[in-house]
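Chemist: sequence first, then the predicted structure, then my questions.
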Amino acid sequence: SSQLSSLPLQILLYVNGIYYIFYFLATLAMIIYKSQVFSYPDDLLAPDLAVLFLMGILEVPRLYLGFKGNLTEAEAPLGLSLGLTVGSVVLCVYLLLWQTYVLWADVLLNAVLLSAYGLESGLKVTAIAAFVS
């Protein structure tokens with residue numbers, strides 16, 4: 001029998017996991033910085049932090065299901081991971097466009113993350129198609 005799991009997807013999931021740790025810490029540091037340097041409204045600080053932490057919570061099962069689905073060549077975990085990716089993209093777009101203050105570093109970090117999500121999603125769809133056929 002032939003192996004259908006995707007090596008590029010596995011590598012991208014691994015790299016994305018490492019990048020996300022950097023992304024989370026850098027974004028958290030920038031939110032703290034913005035709250036100290038700018039007149040950050042207190043009622044808007046909590047939603048921005050909540051989105052970041054929700055995104056962090058969502059990232060763990062998203063990556064786990066992606067790893068598991070690809071390595072076991074199972075469509076269901078990979079499909080669930082793809083669905084969680086959609087949620088992560090929405091939260092990433094919030095942090096890119098609608099958080100209280102958006103710095104150029106926010107734009108750069110979110111652009112890289114969105115690009116990785118897009119590439120990863122394409123590879124997931126391709127892997128699911130290979131597993132189904």
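Modeler: Right, received. Where do you want to start?
Chemist: every contact and neighbour count from this point should use C-alpha atoms.
Modeler: Noted.
Chemist: how close does the residue nearest to Lys34 when sequence neighbours are not counted sit to Val93?
Modeler: Closest residue to Lys34 apart from its sequence neighbours, by Cα to Cα, 6 or more residues apart in numbering: Tyr40 at 6.8 Å. As judged by Cα to Cα, to the nearest Å, Tyr40 and Val93 stand 20 Å apart.
Chemist: try Ala130
Modeler: 30 Å.
Chemist: can you tell me the element the spatially most central residue of the chain falls in?
Modeler: Nearest residue to the geometric centre of the chain (Cα atoms, centre = their mean): Ser88, 5.0 Å. Using DSSP states H and E, Ser88 sits within helix 75-93.
Chemist: show me what that helix is in contact with.
Modeler: Helix 75-93 is touched from outside by 51-52, 55, 58-59, 61-66, 68-70, 110, 113-114, 117, 121, 124, 128, 131-132, with contacts defined as Cα atoms under 8 Å, 6 or more residues apart in numbering.
Chemist: now go through these and say which are in helices.
Modeler: 51-52, 55, 58-59, 61-66, 68-70, 110, 113-114, 117, 121, 124, 128, 131-132 (DSSP state H).
Chemist: selection in ChimeraX covering whichever of those residues are buried, please.
Modeler: Selection of buried members from the ones in helices among the contacts of helix 75-93 for ChimeraX, criterion 16 or more other Cα atoms under 10 Å:
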select :51,52,55,58,59,62,63,64,65,66,68,69,70,110,113,114,117,121,124,128,131
